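Visitor: All I have is the shape, not the residue letters:
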């Protein structure tokens, strides 16, 4: 009996009296599959956990701006509770773009379960993500306060670390004042030209999209020019060396608020310095902030004040790495009764820790003496497993590599979503 090969896994014997009966795919047929969303997810799925917690949260600040109420005209708004749950679960799942989340809401069981039949679009998702900054900040504070009241999180001792994150801009987008002014003139002429063009070749939607893109570009260039005087003042600071003061100031036309920062690999690219404060005892995130400078030396005091304002409690001990060592900041902290645990700077000549300096005050001398004791060294060792774990989870699990939004305010919103999701997924049993 001869066999003819039709491809791997498909062979038909020649000589058979009748052809075999086969079940073949028909991808043109319409199907109406009965689906119960409640049965799509197991009982212990993280999406269910997120929803249980979100149901208990006070989201009054998210509901106040809604205009469609009662018999008032207007289209019904998407429930902010649903949008909060979607972005929290997206942060846990490492989803950082509205278009991707929109697609998952139609294809992925976990997101479909959260939506419960409510349709989504990426405009609504993106606008909600960055449009409720104060409300989101308040929500983070409420969750942190609830964990403190349940004696799960403490803020008497905090650990601080930073992470460099790429901005949504390229290095070639940075220009001097003359080039910025030239770009602004070109954009303004383009905007006027769009207004004068006849509408035969473009639809109304295409015309509106082009006009919106041109206006946004014009606003970014105007913002870049407005930032130049302040940046020039900072460049001419007498503390800067002559080489730095001689460099021309450049601002990005794509992301005016971004600055060139030194990345972990040693390269210098447009980005932000994300500051994260955490509780060494529980591992919870207790504060987040966004800076545009590579230097961490002036970031310890703002983080401490933020944590104290959120919690209503005083920070007594502050753990930080060598990048935060600044004599003036340490002096102010010690004067306020805060014990600073930071490694002593090393001598450039000998490589040994600098245990005394002629610039020391009684307060900075107290810090140097403390860090030479075994007790202080033991306390400082608790910083690494706490801050580095938080840093690693934000990077590897939540995808904190590069921002998809532009502007310090929007970047801070993204960080608040991540910090809130981090605390919720780790301490859900205390919040649900």
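Guide: Great, that's in hand. Since the structure is predicted, the reported quantities are computational estimates derived from the model, not experimental observations.
Visitor: Quick check: phi and psi at residue 116.
Guide: phi 60, psi 40 (degrees, to the nearest 10).
Visitor: Strands of the stretch 201-350 of the chain, start to end?
Guide: 251-252, 259-262, 268-278, 285-291, 317-319, 339-341 (DSSP state E, counting those that start in this stretch).
Visitor: So for residue 161, which of the ones you listed sits nearest?
Guide: Closest to residue 161 of the strands of the stretch 201-350 of the chain is strand 268-278 (CB to CB; 5.7 Å). C-beta coordinates here come from the backbone N, C-alpha and C atoms, glycine included.
Visitor: Break the chain into its domains for me.
Guide: Following automatic domain parsing, one finds the domains of the chain at 37-66+77-131, 133-167+267-411, 171-252.
Visitor: now the ones you listed in JSON lines, with distance to residue 422 and mean neighbour count?
Guide: As requested, the domains of the chain are arranged in JSON lines below (distance: least, CB to CB, whole Å; neighbours: other CB atoms under 10 Å):
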{"stretch": "domain 37-66+77-131", "distance to residue 422": "8", "mean neighbour count": "17"}
{"stretch": "domain 133-167+267-411", "distance to residue 422": "5", "mean neighbour count": "18"}
{"stretch": "domain 171-252", "distance to residue 422": "30", "mean neighbour count": "13"}
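Visitor: could you dump the ones you listed to CSV with mean pLDDT?
Guide: Below are the domains of the chain laid out as CSV (pLDDT from 0 to 100):
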stretch, mean pLDDT
domain 37-66+77-131, 93
domain 133-167+267-411, 92
domain 171-252, 82
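Visitor: Using a markdown table, lay out those together with distance to residue 261.
Guide: Listed next are these as a markdown table, based on distance: least, CB to CB, whole Å:
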| stretch | distance to residue 261 |
| --- | --- |
| domain 37-66+77-131 | 20 |
| domain 133-167+267-411 | 4 |
| domain 171-252 | 12 |
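Visitor: ok, back up a step: reformat the strands of the stretch 201-350 of the chain into a markdown table and put distance to residue 23 next to each item.
Guide: Formatted as a markdown table, these follow (distance: least, CB to CB, whole Å):
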| stretch | distance to residue 23 |
| --- | --- |
| strand 251-252 | 59 |
| strand 259-262 | 59 |
| strand 268-278 | 54 |
| strand 285-291 | 54 |
| strand 317-319 | 65 |
| strand 339-341 | 69 |
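Visitor: Between the ones you listed, which one is closest to residue 103.
Guide: strand 268-278 (26.9 Å).
Visitor: quick one: which of the strands of the stretch 201-350 of the chain is nearest residue 388?
Guide: Comparing the strands of the stretch 201-350 of the chain by CB to CB, strand 268-278 comes nearest, at 10.0 Å.
Visitor: what's downstream of the helix or strand hosting residue 91, the next helix or strand?
Guide: Taking DSSP states H and E as the definition, one finds residue 91 inside helix 80-92. Following helix 80-92 in sequence order, the next helix or strand is helix 98-107 (DSSP H and E).
Visitor: Run through the neighbouring helices and strands of that next one.
Guide: For helix 98-107, the packing partners by 3 or more CB pairs under 8 Å, 6 or more residues apart in numbering; DSSP states H and E come out as helix 80-92, helix 109-115, helix 122-131.
Visitor: what's the shortest one packed up against?
Guide: With contacts defined as 3+ CB pairs under 8 Å, 6+ apart, the packing partners of helix 109-115 are helix 46-56, helix 80-92, helix 98-107.
Visitor: What are the contacting residues of that helix?
Guide: Applying CB atoms under 8 Å, 6 or more residues apart in numbering, the contact partners of helix 109-115 are 37-38, 40-41, 45-48, 50-51, 82, 85-86, 89, 93, 101, 104-106.
Visitor: circling back: do you know which of the domains of the chain lies nearest residue 19?
Guide: domain 37-66+77-131 (37.7 Å).
Visitor: can you give me the end-to-end distance of stretch 28-45?
Guide: The first residue of stretch 28-45 is 34 Å away from its last residue (CA to CA, to the nearest Å).
Visitor: Now find how far off-centre it is within its chain.
Guide: Chain-centre distance of stretch 28-45: 33 Å, with CA atoms, centre = their mean, to the nearest Å.
Visitor: same question, stretch 171-185
Guide: 28 Å.
Visitor: Kindly provide the distance from residue 347 to residue 329.
Guide: Plainly put, residue 347 is 21 Å away from residue 329 if you go by CB to CB, to the nearest Å.
Visitor: again with residue 410
Guide: 28 Å.
Visitor: cool, residue 344 as well?
Guide: 15 Å.
Visitor: Ok, residue 397 next?
Guide: 32 Å.
Visitor: burial count for residue 35?
Guide: Residue neighbour count, defined by other CB atoms under 10 Å, stands at 10 for residue 35.
Visitor: Could you verify that residue 164 is part of a helix?
Guide: No - counting by DSSP: H, G, I helix; E, B strand; the rest coil, one finds residue 164 to be strand, located in no helix.
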